[in-house]
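Asks: Can you look at this prediction? I've put the sequence above it.
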Amino acid sequence: AQKITQTQPGMFVQEKEAVTLDCTYDTSDPSYGLFWYKQPSSGEMIFLIYQGSYDQQNATEGRYSLNFQKARKSANLVISASQLGDSAMYFCAMREGPSYNTDKLIFGTGTRLQVFP
Amino acid sequence: GAVVSQHPSRVICKSGTSVKIECRSLDFQATTMFWYRQFPKKSLMLMATSNEGSKATYEQGVEKDKFLINHASLTLSTLTVTSAHPEDSSFYICSARDPGLAEETQYFGPGTRLLVL
């Protein structure tokens, strides 16, 4: 079974609109971390946001927020007020286990977001 | 955030030669670094965990004799692709977490594009 599933290979959004990128995960470990990274065409992986499994509140970082629904095992990324520069690949990733035990990340297949004027 | 660098950013080599890629943590010490490879339009696949002062831990299916990893210092890990073949052409990217920071984030290097002719 896939540990991280991103069902949207591609998404389009108009500039200034909000967009949600889906991510579901599968783990039986009670301690885990969820990450979102942005990869522009240059290839660098840019960290966007992190959610710990024990965090009570949804993570937010500027225009990025993570809609964490633990019971559903989903960790969707919401980008508000999209900008043309947001066009990139977006990867959801999971660290399965506590951070003192492991730093290994498992990545989803990614979603290509295109923002149009 | 923490900074991770990689060198070279691009390399073209002939089939049968070996290529060394360096990954450095610039402002922190990393006892553990990770090496990923990414094929075009695909996700990141973890190849191995580089452990300072000890042997690397390879993921299933990764040939340890082909992808030699050396983590001789707390700020440098190297990946050597030995006897490279065209199928080794890929984007190689490393990551590390700053253990001195409370945040859980892993930071990635800018990646190395390898083309084997």
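Replies: Sure thing, it's come through.

Asks: okay, now whichever residue of chain A sits closest to chain B: neighbour count?
Replies: In chain A, the residue that lies nearest chain B is A:M45 (3.8 Å; Cβ to the nearest Cβ). C-beta: built from backbone N, CA, C; applies to glycine. Using other Cβ atoms under 10 Å in any protein chain shown, A:M45 is surrounded by 26 other residues.

Asks: what do you get for B:F91?
Replies: Neighbour count of B:F91, defined by other Cβ under 10 Å: 18.

Asks: partner residues bridging it?
Replies: Beta-bridge partners recorded for B:F91 (DSSP bridges): B:Q38, B:R113.

Asks: residues in contact with B:R97?
Replies: By Cβ atoms under 8 Å, 6 or more residues apart in numbering or on different chains, the contact list for B:R97 reads A:S99, A:D103, B:A2, B:A30, B:T32, B:E104, B:T105, B:Q106, B:Y107.

Asks: Please work out which residue of chain B is closest to chain A.
Replies: B:F108 (3.8 Å).

Asks: dump the residue contacts of the spatially closest residue to that residue that is not a sequence neighbour.
Replies: Residue nearest to B:F108 in three dimensions, not counting chain neighbours: A:M45, with 3.8 Å by Cβ to Cβ, 6 or more residues apart in numbering or on different chains. Each residue near A:M45 by Cβ under 8 Å, 6+ apart is listed here: A:Y37, A:K38, A:Q39, A:F91, B:L44, B:I93, B:S95, B:F108, B:G111.

Asks: Please read off the pLDDT at A:M45 from the model.
Replies: In this model, A:M45 is scored at 94, pLDDT.

Asks: Let's see the pLDDT reported for the residue of chain B closest to chain A.
Replies: Per the predicted model, pLDDT is 93 at B:F108.

Asks: A:D55 too?
Replies: In this model, A:D55 carries a pLDDT of 93.

Asks: swap in B:Q60?
Replies: Reported pLDDT for B:Q60: 94.

Asks: Now the phi/psi pair for it, please.
Replies: phi -60, psi 130 (degrees, to the nearest 10).

Asks: and stretch B:42-52 with chain A, contact?
Replies: Yes - contact of stretch B:42-52 with chain A (Cβ under 8 Å from any Cβ of the partner chain) involves B:K42, B:S43, B:L44, B:M45, B:L46, B:T49.

Asks: Can you get me a residue count around A:S99?
Replies: A:S99 is flanked by 16 other residues according to other Cβ under 10 Å.

Asks: In three-state terms, how would it be classified?
Replies: Three-state call for A:S99 (DSSP: H, G, I helix; E, B strand; the rest coil): coil.

Asks: What separation do you get for it and A:L105?
Replies: 11 Å (Cβ to Cβ, to the nearest Å).

Asks: Filter the contacts of B:R97 down to the buried ones, ChimeraX style.
Replies: Only the buried members of the contacts of B:R97 enter the following ChimeraX selection, criterion being 16 or more other Cβ atoms under 10 Å in any protein chain shown:
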select /A:99,103 /B:2,30,32,104,105,106,107
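
Asks: okay, who's weakest in the contacts of B:R97 by pLDDT?
Replies: Lowest in pLDDT among these is B:A2, which has 67.

Asks: Out of the contacts of B:R97, list just those in strands.
Replies: When these are checked against strands (DSSP state E), the matches are B:T32, B:Q106, B:Y107.

Asks: what comes into contact with the helix or strand of chain B with the lowest mean pLDDT?
Replies: Within chain B, no helix or strand scores below strand B:106-108, which has a mean of 89 by mean pLDDT, DSSP states H and E. Residues from elsewhere that reach strand B:106-108 (Cβ under 8 Å, 6+ apart): A:35, A:37, A:44-45, A:47, A:103, A:105, B:1-4, B:34, B:93-98.

Asks: Thanks a lot, see you next time.
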